[in-house]
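In: Provided below are the primary sequence and the corresponding predicted coordinates.
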Amino acid sequence: MSRLTLALDAMGGDIGPRITIPASILALERDPTLSLLLFGDRQQILPLLSSAPNSLRQRCDIVHCTRVIDSRQGLSYALRHSKETSMRLAIEAVQKGEAQACVSAGDTAALMGLSKILLQPLEGIHRPALISTIPTVTGERSIMLDLGANVECDAENLYQFALMGAIFAENTLNLVYPRIALLNIGIEAVKGYKSIREAADLLKKDTALNYIGFLEGNFLLNGKADVIVTDGFAGNVALKTLEGAAKNVISLLKSDKKKSILSHVFRYLIKYLFKDKYQRLKQINPDQYNGASLIGLTSVVVKSHGSANIEAFAHAIADAALQARRQIPQKILAGLNKNEISMK
């Protein structure tokens, strides 16, 4: 396996280097061919790297910068004042060819804005989208997009999301002819926004895509579709609802608080009686699926949750490495050319 370098915004996220640096060490331990460019405050980063073996530290290069994106004053302000920030420098490293992908837990809007400006959308793509892998109760995985990059979408946007999602699923989940569904409020042809119905017509006409129809929200985790397509508003709400529900249930079952002896016994009795179901529930832990990718750009950009823990951020790094090695942007561009998507 060839060596790979990723650019990492070490200052992004709610906690910054205290999460990103231990996660980087973990990712390097798991991937012996990985190297990292760490963009951030050297004084904060070095102490956190000191406990790592020398063999791992040698695969890390620190690019010192103290400035971070300040999104509190709005996106336009953040973009105008992004020069020399850890996020921008990480993206610029990819732009210059110094790294093959970028990972950041910083502000989502700023990351999308800078990535579109510096890395550019693929030719023929109208709007890049946020895409992520989600678990299913069957133990398999599905792909879902858009997750917040585009609040309003027309039929052509949704159609392109479906095409990109199918290519992503083929190359990251090793699927053949993945099943595509449009997220909707019902399965009947007359249900949903006009844009969704028109997108369904476009997908039905494209025999290269395996479109299976509409999918309702209660079946998101049932494995009925490999690629779930929606606009950014509905996708973001749906994903965060799923993540919150899973975390709350797992937290409830893990809780060590003893309100009474009976409640303590009951909780462990449930775990024992439904052991298989509990193990399957733990597989839906959002930490194992952290990282949404900006798909439709010329290079790989992965957005981690700002509240991600060490394990979750390490998963985001591994996801970026996988996509870079499998050349997802190049394969999407080839798919666009093959399907002869209209250039607008």
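Out: Arrived safely.
In: Neighbours of the residue nearest to Arg42 when sequence neighbours are not counted, how many?
Out: Nearest residue to Arg42, sequence neighbours excluded (Cβ to Cβ, 6 or more residues apart in numbering): His64, at 4.3 Å. In short, each C-beta sits where N, CA and C put it, glycine included. For His64, the number of neighbouring residues by other Cβ atoms under 10 Å comes to 14.
In: And for Tyr177?
Out: For Tyr177, using other Cβ under 10 Å, the count is 12.
In: which residues touch it?
Out: With contacts defined as Cβ atoms under 8 Å, 6 or more residues apart in numbering, Tyr177 is in contact with Asn210.
In: Any stretches of this structure with poor pLDDT?
Out: Residue ranges of the chain with pLDDT under 70: 1, 247, 249-290, 340-344.
In: all strands of it, in order?
Out: For the chain, the strands defined by DSSP state E cover 4-9, 34-40, 60-64, 101-104, 129-135, 141-145, 179-183, 210-215, 227-229, 292-295, 300-303.
In: Including distance to Asn309, could these go into JSON lines?
Out: What follows is the strands of the chain, written out as JSON lines (distance: least, Cβ to Cβ, whole Å):
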{"stretch": "strand 4-9", "distance to Asn309": "16"}
{"stretch": "strand 34-40", "distance to Asn309": "18"}
{"stretch": "strand 60-64", "distance to Asn309": "20"}
{"stretch": "strand 101-104", "distance to Asn309": "15"}
{"stretch": "strand 129-135", "distance to Asn309": "17"}
{"stretch": "strand 141-145", "distance to Asn309": "21"}
{"stretch": "strand 179-183", "distance to Asn309": "28"}
{"stretch": "strand 210-215", "distance to Asn309": "30"}
{"stretch": "strand 227-229", "distance to Asn309": "26"}
{"stretch": "strand 292-295", "distance to Asn309": "16"}
{"stretch": "strand 300-303", "distance to Asn309": "16"}
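In: Mind checking the ones you listed for the one nearest to Leu221?
Out: Minimum separation from Leu221 across the strands of the chain (Cβ to Cβ) falls at strand 129-135, 6.8 Å.
In: In PDB, could you pull the C-alpha coordinates for the closest one?
Out: Written as PDB, here are the backbone C-alpha positions of strand 129-135 (Å, rounded to 0.1, in the frame of the first residue of the first chain):
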ATOM      1  CA  ALA A 129     -23.000  17.700  -1.100                       C
ATOM      2  CA  LEU A 130     -22.300  16.300   2.400                       C
ATOM      3  CA  ILE A 131     -22.300  12.600   2.400                       C
ATOM      4  CA  SER A 132     -21.900  10.000   5.200                       C
ATOM      5  CA  THR A 133     -22.200   6.400   6.000                       C
ATOM      6  CA  ILE A 134     -24.900   5.300   8.300                       C
ATOM      7  CA  PRO A 135     -25.400   1.900  10.100                       C
END
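In: Starting from that strand, tell me which strands it pairs with and how they run.
Out: strand 141-145 (antiparallel), strand 292-295 (antiparallel) (DSSP bridges).
In: can you put those in TSV and add mean neighbour count and distance to Thr20?
Out: TSV is the format used below for the strands paired with strand 129-135 (neighbours: other Cβ atoms under 10 Å; distance: least, Cβ to Cβ, whole Å):
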stretch	mean neighbour count	distance to Thr20
strand 141-145	25	25
strand 292-295	26	17
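In: re the thing from before, looking at the strands of the chain, which is buried most?
Out: Most buried of the strands of the chain, by mean neighbour count (mean count of other Cβ atoms under 10 Å): strand 101-104, with a mean of 31.
In: give the contact list for Arg179.
Out: Neighbouring residues of Arg179 by Cβ under 8 Å, 6+ apart: Asn210, Ile212, Lys224, Ala225, Asp226, Val227.
In: From Arg30, how far off is it?
Out: 31 Å (Cβ to Cβ, to the nearest Å).
In: now swap in Ser195 and tell me
Out: For Ser195 relative to Arg30 (Cβ to Cβ), the value is 41 Å.
In: Repeat that for Ala169.
Out: The value you get for Ala169 to Arg30, if Cβ to Cβ is used, is 23 Å.
In: The two: who's more crowded?
Out: In this view Ala169 and Arg30 are compared by other Cβ under 10 Å, and Ala169 has more residues nearby, 24 against 12.
In: in terms of contact, does the more buried one touch Ile143 like I think?
Out: Yes - judged on Cβ atoms under 8 Å, Ala169 makes contact with Ile143 at a distance of 4.7 Å.
In: shared neighbours of these two, which are they?
Out: With Cβ under 8 Å, 6+ apart as the test, Ala169 and Ile143 both reach Pro178, Asp226, Val227.
In: how about the spatially closest residue to the second one that is not a sequence neighbour, phi and psi?
Out: To tie it back to what came earlier, the one meant is Asp226. Leaving aside its sequence neighbours, Asp226 sits nearest to Pro178 (Cβ to Cβ, 6+ apart; 3.7 Å). Torsion angles at Pro178 (phi, psi; degrees, to the nearest 10) stand at phi -60, psi 140.
In: That'll do, ta.
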